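Enquirer: Structure of the sequence below:
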Amino acid sequence: MQLTAKTIAELILKGFKRHFALFQDSTAAASRYFNQADWPGFLQLSSERISFYDQRVNETLLLLKKELPDPGGSAGFWQEVKQHYSDLLQMHPQAELAETFYNSLFCRLFERKYFHNQNIFVQSTLNRQQLPAPVASVYDSYFPVQNSLKQTLRHIIADFRFGPDFIDLERDIRYLVRSFLDQSSHGRFPLHLIRFDILKSAFYRNKAAYIIGRVVTPEGQQPFVIPVLHQQACSTAPSEGLYLDTLITEPEQLSVVFGFSRAYFMVQSQVPSALIQFLRELMPHKTLAELYASIGLHKQAKTEFYRELLQHLTRSSDHFVAAPGIRGLVMMVFTLPSFPYVFKVIRDEFPESKPISRATVKARYLQVKKHDRVGRMADTMEYSDVALPIDRFAPELLEELQQSIGGSLRIEDDLVVIKHLYIERRMIPLNLYLEQVGSDEKSRIMKDYGQALKDIIAANIFPGDMLLKNFGVTRHKRVIFYDYDEVQYLLDVNFRALPKAESIEDALYSEYSVAPGDVFPEQISTYVTAQPELRDLLLKFHPELMDPAYWQQMQQRIRAGQFDDVFPYPDGMRFSVRYNEHSA
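Expert: Here you go, the predicted structure:
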């Protein structure tokens, strides 16, 4: 039986509904893992959720091919399908996500030349000013005028219905009130002029649940985040109960909590657009793409990012150029100076020093995508068949691209089409940053570089190539790793001590076997930099990184299921440190 355009539209929407239902189920499970302090289970759930979208698109595509002899059909027929689909999305609570799902399906059926707004949702048909549900539907409001401030905060915490009991909620509420008064000018207003707006669902990530809201007064609004943690003697011990860890109100620190170098939050919302709008009111400097990515809707983030790129190209006139820094051996990297991102394309050929394949590189980038990035590894967006105006490429860059990535590049009329690329947030390469700063900042940043390595390996990731050029410095002056072609799991590496030579002759002429997985930590300080000043700073702050026993100990901890706490705020902000009355 030949399916009509309307029936096909309904079939695609059914596939999307199945995807979103499973996505919501996984997010609901996050609260159970948190309540049980089951951190391995939570990490597994978070990793598996990354693949949900592609799995549902593939399922829907197979069903479509089963029902249609020629699922590609004609472009004109599919324009009718799109119109019916658009009609089905009127007031749909996840309409923007459903549009992206449709795009993904269409793009797997047709060639790139059909990827325009008549056939897919290059531009959304939705009215961004009229959400399918009001923003107020995603939060609850609390008015302290009816009670004391402490009682209002008790109600807020109680309404989240966390499973375990709090160890000492009264103590934590006391800290919370004290912090609000210390950090906010809103505390000078009488209670009847204060309102708390609190998102209904907690945001779960790693070992924390985050309560997110804002204080509203006649003076304006102030966002805040309250992390809720388990108190455990160690990461494998049973939970002793919950506690409030700190209060975050500074915009810069809030931006770090939602940063691009961390795993996605698990948060429930039937109307994601309303949730995103609320978050955008708290963080107006964040783009739609960044906010959708932060809550795990990374395919929608890609859609929003591409729209932002197209809009930026119409408003700007500068040219794509090679990204600053040392050229990579595996990736060719370019950027648009007025746009804060880099575009990375796998080279056609690698030198002998990089005995890996294109498939290996892609697998390693996906490995990091699905892993806990612990605030130290940049998120990437992966695209296929990206078309960019040829007149926006600097001639020297275009020539270099044709030489280095010719197998992934073709020119169609006035467009440069790149078969496969990754896009990351642009940072200052660490080696260039260190050339521009004074001795005090060099000291601080090298200390942070060593801490970045420790955070990454604690998450069971071995960076492989630890050269400074493979790390960047963010606008918050944090060191972030961004080159993944040599990453592997820490547990897959054999850390060895260098054999000790008994004489000069032995040192000059002795040979020892090195297996492919062998790493000698004693060589790290020499390998990462040739500058004695930087090497001395690394040895000063992190001498254990040069000790094989340290790396072996980290492997033992991971095998024992011990996961270090890596939270997106400094230890000095924690109530246990600020008020010195309890320790987590």
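
Enquirer: and this structure, what are its domains?
Expert: If the domains of the chain are taken from automatic domain parsing, they occupy 5-114, 135-311, 322-426, 430-559, with pieces of a single domain joined by a plus sign.

Enquirer: any chance of these in a markdown table, plus mean pLDDT and distance to Tyr569?
Expert: Bear in mind the C-beta positions are built from the backbone N, C-alpha and C, glycine included. Supplementary listing: the domains of the chain in a markdown table, determined by pLDDT from 0 to 100; distance: least, Cβ to Cβ, whole Å:
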| stretch | mean pLDDT | distance to Tyr569 |
| --- | --- | --- |
| domain 5-114 | 91 | 18 |
| domain 135-311 | 91 | 6 |
| domain 322-426 | 95 | 10 |
| domain 430-559 | 90 | 12 |
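
Enquirer: Of those domains, which is nearest Pro570?
Expert: Each of the domains of the chain has some distance to Pro570 by Cβ to Cβ; the shortest is domain 135-311, at 8.4 Å.

Enquirer: Quick one: end-to-end length of that closest one, please.
Expert: Distances were taken as Cα to Cα, to the nearest Å; on that basis the terminal residues of domain 135-311 are 26 Å apart.

Enquirer: Nearest to Tyr579, out of the domains of the chain?
Expert: By Cβ to Cβ (comparing all of these), the closest turns out to be domain 135-311, at 5.8 Å.

Enquirer: and the closest one, how far from the chain's centre?
Expert: A distance of 18 Å separates the centroid of the chain from that of domain 135-311, by Cα atoms, centre = their mean, to the nearest Å.

Enquirer: next one: stretch 298-316
Expert: Put simply, stretch 298-316 sits 17 Å off its chain's centre (Cα atoms, centre = their mean).

Enquirer: now stretch 465-477
Expert: The chain centroid and the centroid of stretch 465-477 are separated by 16 Å under Cα atoms, centre = their mean.

Enquirer: Just put the domains of the chain in a markdown table and tack on mean neighbour count and distance to Asn580.
Expert: Conversion of the domains of the chain to a markdown table gives the following (neighbours: other Cβ atoms under 10 Å; distance: least, Cβ to Cβ, whole Å):
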| stretch | mean neighbour count | distance to Asn580 |
| --- | --- | --- |
| domain 5-114 | 17 | 25 |
| domain 135-311 | 18 | 11 |
| domain 322-426 | 17 | 26 |
| domain 430-559 | 16 | 24 |
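
Enquirer: Would you format those domains as TSV with distance to Pro568 included?
Expert: Compiled in TSV, these are given as follows (distance: least, Cβ to Cβ, whole Å):
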stretch	distance to Pro568
domain 5-114	15
domain 135-311	5
domain 322-426	6
domain 430-559	10
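
Enquirer: Tell me how far the residue nearest to Ile326 when sequence neighbours are not counted lies from Leu430.
Expert: Nearest residue to Ile326 in three dimensions, chain neighbours excluded: Lys469, at 4.8 Å (Cβ to Cβ, 6 or more residues apart in numbering). Plainly put, Lys469 is 7 Å away from Leu430 if you go by Cβ to Cβ, to the nearest Å.

Enquirer: and stretch 281-288, how far apart are its ends?
Expert: End-to-end distance of stretch 281-288: 11 Å, with Cα to Cα as the criterion.

Enquirer: the strands in the stretch 401-550 of the chain, which residues?
Expert: Listed in chain order, the strands of the stretch 401-550 of the chain (DSSP state E, counting those that start in this stretch) span residues 409-412, 415-425, 428-429, 461-462, 471-473, 479-481, 488-489, 494-495, 518-519.

Enquirer: Could you point out which of those strands sits nearest Pro272?
Expert: strand 415-425 (21.7 Å).

Enquirer: re earlier: how about the domains of the chain, which one is nearest Gln123?
Expert: Closest of the domains of the chain to Gln123 is domain 135-311, at 6.8 Å (criterion: Cβ to Cβ).

Enquirer: Would you agree the residue nearest to Ile326 is in contact with Met427?
Expert: No - Lys469 is not in contact with Met427 according to Cβ atoms under 8 Å; the separation is 11.5 Å.

Enquirer: closest one to Thr125 among the domains of the chain?
Expert: Checking the domains of the chain against Thr125 by Cβ to Cβ gives domain 5-114 as the closest, at 5.3 Å.
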